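Colleague: Have a look; sequence and predicted model below, questions after that.
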Amino acid sequence: MEVTARSVSLELAETFVIARESADTADVVQVEIRHEGVSGFGEGAPIERYGESAESALQYIDEVGDALGDDPFALDEIEERLEPREWAARSALDAALHDLQGKLTGVPVWRLLGLRQLGPPTSWTIWLGDPDDMGKRAEKVADRFLRLKLKLGARDGRDVDRVKAVRETTEAPLQVDVNEYWTLDEALDTLPQLAELGVEYCEQPLPAADPGGARVKAASPIPIYVDEDCHRLHDVPTCAERAHGINIKLAKSGGIREGVRMAHAARALGLGVMLGCMIESGLGIGAAAQVASLCDHVDLDGNLLLAHDPWPGVDFRDGIQVPADEPGLGVREEVPDPR
């Protein structure tokens, strides 16, 4: 198999703000794996929080390209040959292999995996801002999305006001994501107030590995899901001690294969399963959408946040990100108009 990779900068429609950063663009790595005249494509979104970048991902892919061998279906063997690091790069490789398998067999990836095509509706992210601003932005999309995810954690004592402002504009189900930016006392004080506002669950209220995690889980009147605490399969048992559910992201797990393992492990431990994303094109979202039916909650709006998605093919229908009923991931790079 021949491997090539490139870095691509995706432009957002609006500045995206969370507790620890803001961004107008996002760098992703896109991979092509060619075998017997057929190409499979995949995308990985390196996460700076975990020490990864587009540059380090490209270097990794260059280093391990020869280790893929000549059989795109030998996923166990390929996985064993790859050095366990640079998980966004590995996610791109994994997606490209699955895309290639689907194209070689003429089958969509979700069907190759034995899964249903449709998962739960995706949430739409209301990024962090002043309460009035978040309320206005929620009102604008209330007729398009079936649930909303509110970014919190400004450390200004106004997070409950933010949720109130959004709740005044919509009866849609709400979830919140704090991105590790509450203290233990803030979490214990705020979570009951969010429950009264009808928030369905809270994502990552405390910093990863915070010793207060188990206490927050026990005290919270709404489910706690963890993101920054949960990367790969070996993290899932520990997460059960501090949360009611986990957030799987392919860029953290290393791809579809590990994400499926994590979902089944979480079920065995009685945990809920959420599927999240980074800011990604339809190529990245297309890979995640293949496994969305395994999950209770889905947050796959990364491509919808872009000014222009260069990889169309995922159908946003009735609030659901629907993977295509075509071979592989079912997305194609948009060819610029020669005029």
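Modeller: Here it is on my side, so go on.

Colleague: Val176 and Val166 touch, don't they?
Modeller: No. Assessed by CB atoms under 8 Å, Val176 is found out of contact with Val166, at 9.7 Å. In short, each C-beta sits where N, CA and C put it, glycine included.

Colleague: residues shared between the contacts of the two?
Modeller: Leu150 (CB atoms under 8 Å, 6 or more residues apart in numbering).

Colleague: element containing Val166?
Modeller: Assigned by DSSP states H and E, Val166 belongs to helix 159-167.

Colleague: For Lys164, which residues are in contact?
Modeller: Pro131, Leu197.

Colleague: How about Gly129?
Modeller: Val17, Arg137, Arg162.

Colleague: redo that, cut-off 7 Å
Modeller: Contacts for Gly129 (CB atoms under 7 Å, 6 or more residues apart in numbering) come out as Val17.

Colleague: So what does it have for phi and psi?
Modeller: Dihedral pair for Gly129: phi -170, psi -170, per degrees, to the nearest 10.

Colleague: Strands of the stretch 101-250 of the chain, start to end?
Modeller: 124-126, 148-151, 174-177, 199-203, 224-226, 245-248 (DSSP state E, counting those that start in this stretch).

Colleague: closest to Ala67 out of these?
Modeller: strand 245-248 (25.1 Å; CB to CB).

Colleague: Can you give the contact residues for that closest one?
Modeller: Against strand 245-248 from outside (CB under 7 Å, 6+ apart): 203, 223, 225-227, 230, 236, 239, 259, 262-263, 266, 271-276.

Colleague: hmm, try it at 8 Å
Modeller: Applying CB under 8 Å, 6+ apart, the contact partners of strand 245-248 are 201, 203-204, 223-227, 230, 235-236, 239, 259, 262-263, 266, 271-276, 295-297, 299.

Colleague: Figure out how far whichever helix or strand comes after it is from the centre of its chain.
Modeller: Once the chain leaves strand 245-248, the next helix or strand it forms, by DSSP H and E, is helix 250-253. Counting by CA atoms, centre = their mean, to the nearest Å, helix 250-253 is centred 8 Å from the centre of its parent chain.

Colleague: swap in stretch 194-201?
Modeller: 22 Å.

Colleague: And it, what's buried?
Modeller: Going by neighbour count (16 or more other CB atoms under 10 Å), the buried part of stretch 194-201 is Leu194, Val199, Tyr201.

Colleague: Give the rounded mean pLDDT of stretch 178-189.
Modeller: Mean pLDDT, stretch 178-189: 98.

Colleague: now stretch 43-60
Modeller: Stretch 43-60 shows a mean pLDDT of 97.

Colleague: end to end, how far does it reach?
Modeller: 14 Å (CA to CA, to the nearest Å).

Colleague: For that stretch, buried residues please.
Modeller: Judged by neighbour count (16+ other CB under 10 Å), stretch 43-60 contains these buried residues: Glu43, Gly44, Ala45, Pro46, Ile47, Glu52, Ser53, Ala54, Ser56, Ala57, Leu58, Tyr60.

Colleague: For these, give me TSV that also has secondary structure and distance to Arg317.
Modeller: Listed next are the buried residues of stretch 43-60 as TSV, based on DSSP: H, G, I helix; E, B strand; the rest coil; distance: CB to CB, whole Å:
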residue	secondary structure	distance to Arg317
Glu43	strand	22
Gly44	strand	26
Ala45	coil	24
Pro46	coil	30
Ile47	coil	29
Glu52	coil	32
Ser53	coil	34
Ala54	helix	31
Ser56	helix	36
Ala57	helix	31
Leu58	helix	34
Tyr60	helix	35
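
Colleague: Closest to Asp189 out of the residues you listed?
Modeller: Nearest member of the buried residues of stretch 43-60 to Asp189, counting by CB to CB, is Ile47, at 29.5 Å.

Colleague: ok, how many other residues are close to the nearest residue to the closest one once chain neighbours are set aside?
Modeller: Nearest residue to Ile47 in three dimensions, chain neighbours excluded: Ala251, at 5.9 Å (CB to CB, 6 or more residues apart in numbering). Using other CB atoms under 10 Å, Ala251 is surrounded by 31 other residues.
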